[in-house]
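Engineer: Sharing a model that was predicted from the sequence below.
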Amino acid sequence: GDSVTQMEGPVTLSEEAFLTINCTYTATGYPSLFWYVQYPGEGLQLLLKATKADDKGSNKGFEATYRKETTSFHLEKGSVQVSDSAVYFCALSENTGGFKTIFGAGTRLFVKA
Amino acid sequence: DAGVTQSPTHLIKTRGQQVTLRCSPKSGHDTVSWYQQALGQGPQFIFQYYEEEERQRGNFPDRFSGHQFPNYSSELNVNALLLGDSALYLCASSLASLLSTDTQYFGPGTRLTVL
């Protein structure tokens, strides 16, 4: 079945450092790919998405490119801030007569001032 | 505009009991999905409701059942509770579409503890 694998955390960075969180997926068809973020004490919210191969999703300085050849959707940010500290989830969604979203286990990011 | 709301916020039950969780979708949304998030894990899809019917289901036993009302709100019922059912239960709403790209909006969740 479909699955999502993302790098284990926690990831600890200093402010203004470069961030990469790796995500790979397994799917039978052509899924849409997502990154969700869960800030401390808050609900899950969509960060960015990409719907087809080579699409780049971006939001709040974060970017991820849908790579079909490597089945990957790595999250990147050029300069992280303390306020980026959160748990990040990679996810996929496929239309199978309705659709369900499959999430990775999440990667916790700590950014130090 | 209210987002997705869930009730109650927290709940404590004992093994063998039954529980009902409630969700009101974001205004204008007609599709509701339920997820279980164990501590330190990603959300696991339970099922999705559209037009008062279960449209899609994940790998959860029949002890997990749901309902959607004409106003699109939804309930999640869990019977014969097990210790392993302790988790954060998330509700997400979206607008019906044949596309899987529609954005889901998540509620804050209900924290269920089974003793």
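Structural biologist: Thanks, I have the structure now. Residues are numbered from 1 along each chain as shown, chains lettered A, B, ... in the order given.

Engineer: my guess is B:Leu115 contacts B:Gly16, does it?
Structural biologist: No: the pair B:Leu115 / B:Gly16 is not scored as a contact, 10.8 Å apart, by CB atoms under 8 Å. Where C-beta positions appear, they are placed from N, C-alpha and C, glycine not excepted.

Engineer: interface residues of chain B facing chain A?
Structural biologist: Neighbours of chain A within chain B, by CB under 8 Å from any CB of the partner chain: B:4, B:33, B:35, B:40-45, B:48, B:50, B:55-56, B:58, B:90, B:92, B:98-101, B:103-104, B:106-109.

Engineer: Out of the residues you listed, which end up buried?
Structural biologist: B:4, B:33, B:35, B:42-45, B:48, B:50, B:55-56, B:58, B:90, B:92, B:100-101, B:104, B:106-109 (16 or more other CB atoms under 10 Å in any protein chain shown).

Engineer: Which residue would you name as the spatial centre of chain B?
Structural biologist: B:Trp34 (2.9 Å; CA atoms, centre = their mean).

Engineer: And what about that residue, helix, strand or coil?
Structural biologist: Classification of B:Trp34 using DSSP: H, G, I helix; E, B strand; the rest coil returns strand.

Engineer: roughly how far apart are it and chain A?
Structural biologist: B:Trp34 sits 10 Å away from chain A, going by CB to the nearest CB, to the nearest Å.

Engineer: Which residues are in contact with that residue?
Structural biologist: Going by CB atoms under 8 Å, 6 or more residues apart in numbering or on different chains, B:Trp34 touches B:23, B:45-48, B:66, B:74, B:76, B:89-92.

Engineer: go on, B:Lys26?
Structural biologist: Shown in contact with B:Lys26 (CB under 8 Å, 6+ apart): B:1-4, B:93, B:105.

Engineer: Generate a ChimeraX selection restricted to the buried subset of those residues.
Structural biologist: The buried residues among those can be selected in ChimeraX (16+ other CB under 10 Å) with this line:
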select /B:3,4,93,105
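
Engineer: Can you name the residues bridging to residue 67?
Structural biologist: Going with chain A. A:Ser72 (DSSP bridges).

Engineer: Hmm, no, I was thinking of chain B.
Structural biologist: Residues in beta-bridge contact with B:His67 (DSSP bridges): B:Glu75.

Engineer: re the thing from before, between all of the contacts of B:Lys26, which two are at the greatest distance?
Structural biologist: Greatest spatial distance among these (CB to CB): B:Asp1 and B:Ser93, at 12.3 Å.

Engineer: partners of the longest strand belonging to chain A, with directions?
Structural biologist: Criterion DSSP state E: the longest strand present in chain A is strand A:86-95. Strand A:86-95 sits in its sheet next to strand A:32-38 (antiparallel), strand A:99-103 (antiparallel), strand A:107-112 (antiparallel), going by DSSP bridges.

Engineer: Point out where chain B drops to low pLDDT.
Structural biologist: Low-confidence segments of chain B (pLDDT under 70): B:1, B:97-101.

Engineer: Try it again at 50.
Structural biologist: Within chain B, no stretch has pLDDT under 50.

Engineer: Return the set of residues that bridge with residue 34.
Structural biologist: No chain in the question, so chain A it is. Under the criterion used (DSSP bridges), A:Phe34 bridges to A:Lys49, A:Ala91.

Engineer: actually it's chain B I care about, not the one you picked
Structural biologist: Under the criterion used (DSSP bridges), B:Trp34 bridges to B:Phe47, B:Cys91.
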